[in-house]
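Peer 1: Have a look; sequence and predicted model below, questions after that.
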Amino acid sequence: MSLVGKKFPSIAVDAISEMGDNLKINIFEEAVNNNKKVLLFWYPKDFTFVCPTELHAFQAALPEFNKRNTIVIGASCDTNEVHFAWLNTAKDNGGIEGVTYPLLADTNRNLANILGILDIESTSYSEETDSVIIEGSNVTYRATYLIDETGKIFHESVNDMPLGRNVNEYLRLVDAYTHVQEKGEVCPANWEEGKQAMSADRISTAAYLSQN
């Protein structure tokens, strides 16, 4: 079920800073209390393959997100200790040394479960052990959320495990949403900063289509 248009869940999650400080981060409060947008991206596991390429890509784009008043936060179900070990592993050895934004450690999977982004193929009840058996990795897909200054989700997307994200698309989406906020216009397909937008009416749409 889509969460777009809804408030992001207000729940505090364990996290770690680049310096190894243990934190508690509430994404909703980060947006509202700081009057900033938040980009939260989830990845499956530390010390894997596509994941470090994404973390470094978001790090490289961090100045651009900062210009757009947007906080970047990464997240997985790994522990703070594993996050810190990965943060101290060199880039040329598959690590994420140099990443400076915080990483959520949703080890109890409370937030990931609320968002519905865990890789769970099926669940079954075992009478013998009186427990629920999960089929699937029970780690997160590559889910991405953009949250505005009121805590509302204005974008969500979920990639399967092998598919890395295009970071520039999230910059474009932040630009488009900011344009809507500031100008009251809507952004057509393939819109980028500086391009023509439209009023939300039939005449404006017809005029735009006649020129493009």
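Peer 2: It's in.
Peer 1: all strands for the protein, in order.
Peer 2: Ranges of strands in the chain, per DSSP state E, are 12-16, 22-26, 37-42, 70-76, 103-105, 122-126, 131-135, 142-147, 153-159.
Peer 1: can you tell which of these is closest to A61?
Peer 2: strand 70-76 (8.0 Å; Cβ to Cβ). In this view, the C-beta of every residue, glycine as well, is placed from N, C-alpha and C.
Peer 1: I134 versus the nearest residue to T100 once chain neighbours are set aside, what's the distance?
Peer 2: Closest residue in space to T100, ignoring its immediate chain neighbours: E18 at 4.8 Å, by Cβ to Cβ, 6 or more residues apart in numbering. As judged by Cβ to Cβ, to the nearest Å, E18 and I134 stand 32 Å apart.
Peer 1: Neighbour count for those two, which is higher?
Peer 2: Using other Cβ atoms under 10 Å as the criterion, E18 and I134 rank with E18 on top: 17 against 14.
Peer 1: That one and K183, how far apart?
Peer 2: 36 Å.
Peer 1: same thing with P63?
Peer 2: Per Cβ to Cβ, P63 is found 24 Å from K183.
Peer 1: Give the buried residues for the lengthiest helix in the chain.
Peer 2: The residue-count maximum for a helix in the chain (DSSP state H) belongs to helix 167-183. For helix 167-183, the neighbour count (16 or more other Cβ atoms under 10 Å) marks V167, Y170, L171, R172, L173, V174, D175, A176, Y177, T178, H179 as buried.
Peer 1: what does stretch 139-153 give?
Peer 2: Here stretch 139-153 shows 139-148, 151-153 as buried, counting by 16+ other Cβ under 10 Å.
Peer 1: could I have that stretch exported to CSV, CA atoms only?
Peer 2: Extracted C-alpha coordinates of stretch 139-153, given in CSV (Å, rounded to 0.1, in the frame of the first residue of the first chain):
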residue,chain,number,x,y,z
VAL,A,139,16.2,-7.6,4.8
THR,A,140,14.9,-4.5,3.0
TYR,A,141,14.6,-3.9,-0.7
ARG,A,142,16.1,-0.7,-2.1
ALA,A,143,13.3,1.6,-0.9
THR,A,144,13.6,5.4,-1.1
TYR,A,145,11.4,8.0,0.6
LEU,A,146,11.3,11.8,0.1
ILE,A,147,9.6,13.6,3.0
ASP,A,148,8.7,17.3,3.0
GLU,A,149,9.0,19.9,5.8
THR,A,150,5.7,18.8,7.3
GLY,A,151,6.6,15.2,7.5
LYS,A,152,4.5,14.2,4.5
ILE,A,153,5.9,11.6,2.0
